[in-house]
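Asker: Whatever this is, show me its structure:
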Amino acid sequence: MKNSFRIAEISFGYSHWDYVSHFEYDSCKFEVQRFGANFSVTAMKALIKTLNNEVDAFALSSLPPSLCLRNKSFIHRQYFEIMDTPSSVPLCDGTGLKEIITMETMMELIRKKEINPRSGFYLPIAFMNSDIEEYLRHIEGSRLFFGDLYAITGLPLIIRPFLGLMQVAQTSLNFATMKSMKGQSVAFESEFQEKGKQFIVNQLKACNYVIGDLPVIDYFHRDTDIFKDKELITWTKHEVLEQKINTYGFSRVHQLMPSKYNFTPNLNFSLLEAILRLKHQKASSQSFEEWQSLLGTSNEVMHEVRKYGLKRNLSTQVKLTKKYHKLKDSVLNDKAPDFAFVVHALSHKDFQRIPMIGNLVKQLPKKWNDDFDKHVAKLPPIVYGRINKIVSDYNGREVNGIIYALLATPKVLKNSEPEQIYNQIHKCCVDAAERGAKIIGLGAYTKVVGDSGVTINKNSPLPVTTGNSLSASATLWALYEVVLKMKLLNLNHNTGLVQGIAMVIGATGSIGKVSAKLLSLVFEKVVIVAPRKERLEQLKLELEMLNPKCEILISTDANHFASISDVLVTATSSFDQKIVDVMQLKPGCVVCDCSRPLDFTKEEARKRPDVLIIESGELILPGSYNLTCDIGLPKNIVYACLAETAVLSMEEKYESFTLGRDIDWMKVKEIYKLSQKHGVKLANIYGHLGDISEKEIMLTRELALARRKRT
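Answerer: Below you'll find the model as predicted:
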């Protein structure tokens, strides 16, 4: 098992705090280098791209926060731009981990009476710490003072909680999310603010505590009079910044970062997430439930986290609407949905599938298509249909689902403001919760926008899953079925492994690593290919530990082993270069193209009729279920991401099973076993030229054998 890691901490903040550190934690060695982007999205994205092949994880710190007020998400557009940057290693921003640890430590400090809520808390930028703010506001006798108006506008006014504050906050956030984080306040260094500073100091005389992380406190370095003789509550550690903060006149510092993590003098929750995920081999983003299990957090703390940090608590409106839908379903003899799923139009033609407008769309002149697509995308999401009477083969449990649709094509979605997409998906989450659903799945582009479901899950009233675990499983499942039907490989009965060579291109990426691990359990030889040899060596050790009977070969050139590989999985993101020459492939090779964009074109597939290239596998759910809408597949065949949501419902496993871009191979195995358990079956297998039939598989086999004889 690997025990040495490199992490790049890329901060949205200033570069003059950059450092390099080396430390050990729980028998693992870490090297961390900080890079400040000086509030430049372009610089931050460039750093991720440049360092992608040199580190094991990125810790992205000082990012604009994501919030949820009155069932509306507020996510700064710069956050979307940063988190949308392609990366083959985890992007960690501390989401989930920060909420749990800060809540736990704050509760402990209050319980020990080291912090007295009645003494007053000043939050210089309250909306960046909404979970702690809400928790403190609900403690009897606590007094809170908010400095957001001062921070954003420079006006020397402190806000106290009052009726209608949420509306004011919502208005402010609409403004704040549109602004660049660099130079956030136009009046920040003005003469006007300098004169008003004493007015702020007077308003805060009755306040004993200041809450904020160190970069936020330093943001007010010209206003240190505000902090004099007060106690600081913070959660970041930076030895140079701490020395500077110590000159600001604080009487005491309460550190919410637990002392057990004192293995380095520079630490924040983005970095801690990267450290813990690398140490515990957690490839995918962790849900609140998974962090609870990993940290050993008590149920008492998690109750408060879910109440104030995770928007799982339903509003009064949602509760009332939920009762209305329950009554309505009872009258109409409909069953409340167990799960929900979000889809969108994959092309303009998909609008023809929608009742009421389908005929109208057919009559539109083609030149109007683009304008129609742009305008209809602004409409709210719709309830597109239902999928009823899915029945588990294992326990006979019946589950029902509701399907929502965003009226937007991929082209429109890619050109839309990310916050617009987030809020449309959030509306689906809220409506689904109102109707009684217990989990919601994301399909197609909705699961890749921004941070791939992490922020949506945080702000959603019910757990969110992207379905990527079963999507990966179904693709490899389809690969396995095709290899069996080709009948070109034999089993070694002594080892229990297939006598053949499987090659994975892009093996150090998230999908590639999952594929390599699963194939190493099945094949005698596995070739792993990626640009960086050092990372391949690390993966080779992991695979050899996983199955010592499997021989692992490494290469930086896919063509070197192309002519002898029986199975090929490509999982790259190369836009401008050919990864492998299709003409070099071994006759009878089964190729699974998981890359986006695809590594092989239709023309290349036609060049090699003796090679079978597949893209994905779709699924059939158990039971005589009824799908009331057209999702673009043959009757009763569903996408794997939808099937994952249904399987989790049959298992009553209502949790955020798959989040983020990275995929945990153990979850791929788990969801495959759960699918088998409940009776999910593989349906169509798709290739570059469409549906692959049994006849096509046999024809490919015959052509392969004939070509092998000639060579």
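Asker: Tabulate the CA atom coordinates of stretch 545-557 in CSV.
Answerer: The C-alpha coordinates for stretch 545-557 follow below in CSV (Å, rounded to 0.1, in the frame of the first residue of the first chain):
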residue,chain,number,x,y,z
MET,A,545,-1.2,-6.5,-3.4
LEU,A,546,-4.8,-6.8,-4.6
ASN,A,547,-4.1,-10.0,-6.6
PRO,A,548,-0.5,-11.4,-6.4
LYS,A,549,-1.4,-14.0,-9.1
CYS,A,550,-1.9,-11.3,-11.7
GLU,A,551,1.1,-10.1,-13.6
ILE,A,552,1.1,-6.3,-13.9
LEU,A,553,3.0,-4.6,-16.8
ILE,A,554,3.4,-0.8,-17.2
SER,A,555,3.9,1.4,-20.2
THR,A,556,3.6,5.0,-21.3
ASP,A,557,3.0,3.9,-24.9
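Asker: Check which residues of it are buried.
Answerer: 547, 550-552, 554-555 (16 or more other C-beta atoms under 10 Å). C-beta coordinates here come from the backbone N, C-alpha and C atoms, glycine included.
Asker: and what of stretch 144-162?
Answerer: By neighbour count on 16+ other C-beta under 10 Å, the buried set for stretch 144-162 is 144-148, 150-156, 158-159.
Asker: can you list the residues you listed in TSV and add secondary structure and distance to residue 304?
Answerer: Shown next, in TSV, are the buried residues of stretch 144-162 (DSSP: H, G, I helix; E, B strand; the rest coil; distance: C-beta to C-beta, whole Å):
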residue	secondary structure	distance to residue 304
144	strand	17
145	strand	22
146	strand	21
147	coil	24
148	helix	23
150	helix	29
151	helix	26
152	helix	28
153	helix	32
154	coil	34
155	coil	33
156	coil	34
158	coil	26
159	strand	24
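Asker: Of all pairs in these, which one is the farthest apart?
Answerer: Farthest pair in the buried residues of stretch 144-162 (C-beta to C-beta) is 144 and 154. Separation: 21.2 Å.
Asker: my guess is residue 644 contacts residue 653, does it?
Answerer: No - taking contacts as C-beta atoms under 8 Å, residue 644 lies outside contact range of residue 653: 10.4 Å.
Asker: more crowded one of the two?
Answerer: Neighbour totals were compared for residue 644 and residue 653, and residue 644 leads with 31 against 17 (other C-beta atoms under 10 Å).
Asker: Inside strands: which ones of the buried residues of stretch 545-557?
Answerer: 551-552, 554-555 (DSSP state E).
Asker: residue contacts, residue 119?
Answerer: Each residue near residue 119 by C-beta atoms under 8 Å, 6 or more residues apart in numbering is listed here: 143, 207-209.
Asker: Make sure residue 283 is actually in contact with residue 510.
Answerer: Yes - between residue 283 and residue 510 there is a contact under C-beta under 8 Å: 6.1 Å.
Asker: Let's test this: mean pLDDT of the helix or strand that contains residue 603, rounded?
Answerer: Using DSSP states H and E, the element containing residue 603 is helix 602-607. Across helix 602-607, pLDDT averages out at 90.
Asker: Which residues outside the very next helix or strand once past it are in contact with it?
Answerer: For helix 602-607, the following helix or strand on the C-terminal side (DSSP H and E) is strand 612-620. For strand 612-620, contacts defined as C-beta under 8 Å, 6+ apart pick out 470-471, 474-475, 477-479, 481-482, 486, 589-593, 598, 600, 604-605, 633, 636-640, 643, 675, 680-688, 692, 696-697, 700.
Asker: any low-confidence regions in the stretch 551-700 of the chain?
Answerer: The stretch 551-700 of the chain contains residues with pLDDT under 70 at 573-577, 596-597.
Asker: Tell me which stretches of it form strands.
Answerer: For the stretch 551-700 of the chain, the strands defined by DSSP state E, counting those that start in this stretch cover 551-555, 567-570, 590-593, 612-620, 626-627, 681-687, 690-691.
Asker: Which positions within the helix or strand residue 132 falls within qualify as buried?
Answerer: Using DSSP H and E, residue 132 sits within helix 130-137. Residues of helix 130-137 classed as buried: 130-133, 135-137 (neighbour count, 16+ other C-beta under 10 Å).
Asker: That helix - contacts with which helices or strands?
Answerer: Applying 3 or more C-beta pairs under 8 Å, 6 or more residues apart in numbering; DSSP states H and E, one finds that helix 130-137 makes contact with helix 97-111, strand 144-146, helix 299-308.
Asker: All set, thanks.
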